[in-house]
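>>> I need the structure of the sequence given here:
(3 chains)
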Amino acid sequence: MYEFDFIRPETISDAVTVLQDDEDAQALGGGQTLIPVLKQRLAQPSKLVSLAQINGMTGIKSVDGALVIGGASTHAAVAMGAGGYPALAALAGHIGDPAVRNRGTLGGSLANNDPAACYPAAVLASGATVVTNAREIAADAYFDGLFGTTLEDGEIITAVRFPVPEAANYQKFVQPASRFALVGVYVAKFADGVRVAVTGAGDDGVFRWSEAEEALTKEFRPDAIMGLSINPMNMIEDLHGTRAYRAHLVGVLTKRAVAAALG
Amino acid sequence: MTKVAMTVNGKPVTGEVEGRTLLSSFLREGLGLTGTHVGCDTSQCGACVVHVDGVAVKSCTMLALEAEGAEVATIEGQAAPDGTLNTIQQAFQDHHGLQCGFCTPGMVMSAAALLKDNPKPTEAEIRHYLEGNLCRCTGYHNIVKAIMAASGQDVSVLAAE
Amino acid sequence: MPKDQDTKDSGIGAASKRREDIRFLTGTGNYTDDINVNGQAYVHFLRSDVAHGRLKSVDTSVAKEMPGVVRIFTSADLEGVGGIPTGWQITDRFGEVMQEPAHPVLATEKVRHVGDPIAAIVAETPEQARNAAEAITLDIEELPAVIDMKAALNDGATKVHDDLTSNLCFDWGFVEDNREAVDQAIKDAAHVTTLELVNNRLVANPMEPRVAIGDFNRATGDSTLYTTSQNPHVIRLLMGAFVLGIPEHKLRVVAPDVGGGFGSKIYHYAEEAFCTFAAKALNRAVKWTSSRSEAFMSDAQGRDHVTKIELALDGDNNFTAIRTETYSNMGAYLSTFAPAIPTWLHGTLMAGNYKTPLIYVNVKAVFTNTVAVDAYRGAGRPEATYQLERVIDKAARELGLDPIALRRQNFVTEFPYATPVAVEYDTGDYGATMDKLIEIADLAGFDARRAASAEAGKLRGLGVNCYIEACGIAPSNLVGQLGARAGLYDSATVRVNATGGLTVMTGAHSHGQGHETSFPQVIAEMIGIPEDMVEIVHGDTANTPMGMGTYGSRSLAVAGSAMVRATEKIISKAKKIAAHLMEAADADIELKDGQFSVAGTDTSVAWGDVTLAAYVPHNYPLEEIEPGLEETAFYDPANFTYPAGAYACEVEVDPETGKVTIERFSAADDFGNVINPMIVDGQVHGGIGQGIGQALMENCVYDDTGQLLSASFMDYAMPRADDLPFYAVDHSCQTPCTHNPLGVKGCGEAGAIGSPPAVVNAVVDALQSAGKDVTHIDMPLSPARVWAAMQG
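Residues are numbered from 1 along each chain as shown, chains lettered A, B, ... in the order given. Presented below is the predicted three-dimensional model:
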């Protein structure tokens, strides 16, 4: 790792000040992605600004039918505490491994937006709202390509507001080495329609599968997407799976997610 | 350099560290607690698992300064002061749950974290929980068996296989 | 050995708990990275990030002024340092010796794989060394990377080594005199089954990365190397004699607790030589700790064969001939035992468990711009077993035969059996292990389990295979004729202390095998004393006799035999002392349960009385025998040992995703006599885990520019606990080895050798059961590959 200063502000505004004053400063959530990146010397922040000491960044509460989860909540905390949204709790309980889940945070994952991470699928399919120190960002306006988001420099995710769907399920088909999603599909059925988000597969990051959404909104059962397919050209290809294989898995996992959501 | 203070295996400790000093480095080099091992640089092998404030973490993926004020438990603090192995350690020996011993500290610490939350896990729960701990020697058979035994389950049927 | 020994509570056959576990379970082991020498500096190796290039300049002018830098070394600074040697020379089928390229410690005029070390930066801290490495400016003229083995042999192909005539290391034929007869037998056959397959490249990945610490004592002129090695004496010999020119008495190599090896820690590596050299040059200790990422580009890798095998059968389904053609990847340089792996450890096993009269094996070993390839658990024998057991399975399917019956029909049943590939199996009973397998795998229940899987929408398949391996390497005079540049004996010194306890120094090295527990079981049994009176010392050339180390499932068969011989000498001398003490004739003395007695009388003296007399020789026959009780034996085996067995795997395939899950895995092995059944089971479990890993998950992949795509645990998939089931293992079929004193054969590699074909056979069976026309899928059988195969 390159040298950096470690800072533990106790308020959001202190954290934001440091991050805005120094463009090489970087926020540190649980560090489960960032620290390995630093170990490989793939990033050289001047300062790491830990968000762990800031009050009010954790906790899960129910507000107007939505689940509001603090940005510094660990995956383990969400797995335990998001009982009001079982599909989300289940997703959180299968990120990484137990030790990673005890450190990694919701906000950290979303700020990083790894194209194979699980949370982006949940946020996008749930139509969640990313709440920052400065504003609220709708899920559809948040993700911006591989490892890209519409967060401004120095903007910190303080919470995420998840509308709780009538039914939902996340199906993750793991890449066997990293255990990230080779393909992950999150299906959420709301009164006004179904949203389907796909992670791991798209060459531009997490995306909504609109054809499946339309079909499932009309009829929420696995067979509703029979005959639909994803264009393999827009899929990731690597040593773990071809474009065609990923496109195929999107269909299989969507079907399975619907079946599971129906219980 | 910054001063860091924490409690390790029940004893208060302090040290001077850099911002980038990992908890694993502080334990190994700062405190000489070399039982915590580092087997990879991508946070997957789990040889470095310790407990921080009662939960399992990968000490190679946590800065020492993040553990400021925390209660840290490592493999060195698991046996009784007179050297008597704890239940999990004893089960690992009884059931040959280790060979080269390198992944073992992480396995024991993960197993301890599992059994704290889930005192009688099924085989599948144990296997799933060990997702973040790689072992290259045992094929996991005897590790899973040892953890089942440590949780008081009868493993004689497995033994007969 | 009587079966009831499994229930003994000590000595040979007892499941004694491992004493080494206590330190490993309490965090008090002593691995190499746990060692810190006062005043040590740290080295970081600047490695090539291109696979092939001409190294035009290395500019260290900025770097050497960086904070903390002690000195930066390039090849020009290594005057007097020799290249890394190869321990085996192959003679090709035309009688010519192999092409043997130079292997400099730091790259000279070219870099030849991603990870090839170019410069070594010694600094006060690891991070300072790394900072300085980033400030070194390299001028490398990139050259086309040689990756594909067949393309590497084309006329005009870019050469990895400019001074060699081509990228062909050797073209080996075995047995060359059989070539025409085999060709004829294949022409004359009633049926020929042909299979082309890849034995995927693997990374050993012991959980402990490599570490080397060089130290130098200017006052004595002694060098010490602490290293993660399976064989410290071999490192001392190779590094001292060939690389650094340090006589062995001035060089100590210590391999303390070592966190697994699986072959990858056999070899002498450039980093070891550098640290030892630099410690002397700088007069301070120099430490290198490999990161896992570095391990992926610097530890020797395994397997990587591309093979075509043909199996000929007569009209009665008897095997009549086997012909193979294999391309074997050597990587960019010849690692310590690399040339021996695809040849003598592979070709000699092509008979398998079967009485095929004619066999011809051709192996073309090829240089490529990849990390060196050498032995990995099984080393040559998994490659032989895989192709043979896959082609037999394919033949059975083509001919509509029961794969088990076809195997049985062709089993070798009479021993000793001289194969057509130059080895003689001393003993075995392949029918017995197959019978045992059928029982423990509950093959009778397979159809019901298949039906249950089908109910759940899954395809269930069953794969069965046999294996044989050659262990206990090896007779030195034989391997010398075959090109080995070393002997393959091993050694033990048994030191009886005055108060009766024993300290046993051995040349074998334990890095997970449990020698500290199992070796005392043997000696305690021979003398009739408690196991805890025997302590094993290993891993330090300063206090152990010259031995060749631990690999190839050899420790008990070779070092264990040396230990038995040394203990026999001890007992013989102790009986003379006892005879003197009891005023009886030597020949009348019996030793039982730690008591020496005069036959036919009730006169006896205890073990401790005799050992005390040996060291306090007041009443002692000093005119006839020396005082003291310490003996050394070197044991050179008369033959290889031949463990064998039968394995069965049941898989479920998810037809929608191609994902394979291992539902059941059973192994019936014949290891001859067993010293510690608990440890033996553990060895088999671990081997099976690695074999399933090879079959389903592990794959070391380079792109065509030579970049390693599977460069970390993020992309190199190794089995985790939830990828594997409990295994059913059995070693009750025991045909003791006929030529070593313990009757043991070796068990460390069997699981890794026997399991890959069982998995692949099972997946093919599952797919064919669903009407898929799939006869083969190359490993690893990842979900993507299985799904693609199902698409036709």
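>>> and the gap between C:G501 and chain B?
Computed as C-beta to the nearest C-beta, to the nearest Å, the C:G501 to chain B distance reads 21 Å. Bear in mind the C-beta positions are built from the backbone N, C-alpha and C, glycine included.
>>> Same check on C:K8?
Counting by C-beta to the nearest C-beta, the gap from C:K8 to chain B is 16 Å.
>>> What's the local residue count around that residue?
16 (other C-beta atoms under 10 Å in any protein chain shown).
>>> so the spatially closest residue to C:T86 that is not a sequence neighbour is in which element?
Once flanking residues are discounted, C:T86 sits nearest to C:L334: 4.2 Å by C-beta to C-beta, 6 or more residues apart in numbering or on different chains. Secondary structure from DSSP states H and E places C:L334 outside every helix and strand.
>>> swap in C:A379?
Using DSSP H and E, C:A379 falls outside every helix and strand.
>>> Pull the contacting residues for it.
By C-beta atoms under 8 Å, 6 or more residues apart in numbering or on different chains, the contact list for C:A379 reads C:G263, C:G302, C:F337, C:I341, C:L345, C:Y551, C:G552, C:E749.
>>> Mind listing the residues bridging to the second one?
As for beta bridges, C:G302 partners with C:L202 under DSSP bridges.
>>> Please enumerate the helices of the stretch 1-150 of chain A.
With DSSP state H, counting those that start in this stretch as the definition, the stretch 1-150 of chain A shows helices at residue ranges A:12-21, A:34-39, A:75-81, A:86-92, A:98-101, A:106-112, A:119-126.
>>> Tabulate the ones you listed (a markdown table), appending mean pLDDT and distance to chain C.
Formatted as a markdown table, the helices of the stretch 1-150 of chain A follow (pLDDT from 0 to 100; distance: least, C-beta to the nearest C-beta, whole Å):
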| stretch | mean pLDDT | distance to chain C |
| --- | --- | --- |
| helix A:12-21 | 95 | 24 |
| helix A:34-39 | 95 | 8 |
| helix A:75-81 | 97 | 17 |
| helix A:86-92 | 98 | 16 |
| helix A:98-101 | 98 | 12 |
| helix A:106-112 | 96 | 15 |
| helix A:119-126 | 98 | 18 |
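>>> now these as JSON lines including distance to chain B and mean neighbour count?
As requested, those are exported to JSON lines (distance: least, C-beta to the nearest C-beta, whole Å; neighbours: other C-beta atoms under 10 Å in any protein chain shown):
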{"stretch": "helix A:12-21", "distance to chain B": "13", "mean neighbour count": "17"}
{"stretch": "helix A:34-39", "distance to chain B": "5", "mean neighbour count": "20"}
{"stretch": "helix A:75-81", "distance to chain B": "7", "mean neighbour count": "22"}
{"stretch": "helix A:86-92", "distance to chain B": "13", "mean neighbour count": "23"}
{"stretch": "helix A:98-101", "distance to chain B": "5", "mean neighbour count": "27"}
{"stretch": "helix A:106-112", "distance to chain B": "12", "mean neighbour count": "25"}
{"stretch": "helix A:119-126", "distance to chain B": "17", "mean neighbour count": "29"}
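>>> Among those, which comes closest to C:I589?
helix A:98-101 (60.8 Å; C-beta to C-beta).
>>> Could you name the helices and strands sitting against the closest one?
On a contact count with 3 or more C-beta pairs under 8 Å, 6 or more residues apart in numbering or on different chains; DSSP states H and E, helix A:98-101 meets helix A:75-81, strand B:55-58, helix B:104-117.
>>> Name the residues that touch that helix?
Residues from elsewhere that reach helix A:98-101 (C-beta under 8 Å, 6+ apart): A:32, A:74-76, A:79, A:92-93, A:95, B:43, B:46, B:49, B:56-58, B:61, B:110, B:113-114, B:129, B:131-132.
>>> What residues does chain B have near chain A?
B:2, B:18-20, B:22, B:41-44, B:46, B:49, B:52, B:55-58, B:61-63, B:65-66, B:68, B:110, B:113-114, B:129, B:131-133 (C-beta under 8 Å from any C-beta of the partner chain).
>>> one step back: could you dump the helices of the stretch 1-150 of chain A to CSV with distance to C:N497?
Putting the helices of the stretch 1-150 of chain A into CSV (distance: least, C-beta to C-beta, whole Å) gives the following:
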stretch, distance to C:N497
helix A:12-21, 66
helix A:34-39, 48
helix A:75-81, 54
helix A:86-92, 60
helix A:98-101, 46
helix A:106-112, 59
helix A:119-126, 63
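>>> Relative to A:A260, which of these is closest?
Nearest to A:A260, of all the helices of the stretch 1-150 of chain A, is helix A:86-92, at 8.6 Å by C-beta to C-beta.
>>> So what touches the closest one?
Outside helix A:86-92, the residues touching it (C-beta under 8 Å, 6+ apart) are A:67, A:75-76, A:78-83, A:101, A:106, A:118-119, A:121-122, A:126, A:162, A:165, A:168-170, A:172, A:186, A:188, A:261.
>>> cutoff 7 Å now
A:H75, A:V78, A:A79, A:A82, A:G83, A:C118, A:A122, A:F162, A:A168, A:N169, A:Y170 (C-beta atoms under 7 Å, 6 or more residues apart in numbering or on different chains).
>>> how far out from the middle of the chain is it?
12 Å (C-alpha atoms, centre = their mean, to the nearest Å).
>>> Next up, the contacts around the residue nearest the centre of chain B.
By C-alpha atoms, centre = their mean, the mean C-alpha position of chain B lies nearest to B:M109, the distance being 2.4 Å. Neighbour list for B:M109: B:V49, B:V50, B:H51, B:A56, B:I75 [criterion: C-beta under 7 Å, 6+ apart].
>>> check which helix or strand covers the third one.
Right, B:H51. Here B:H51 sits within strand B:49-52, counting by DSSP H and E.
>>> Quick one: mean pLDDT for that strand?
For strand B:49-52, mean pLDDT rounds to 98.
>>> who's in contact with it?
With contacts defined as C-beta under 7 Å, 6+ apart, strand B:49-52 is touched by A:99, B:36, B:56-59, B:67, B:70, B:72-74, B:106, B:109-110, B:113, B:133.
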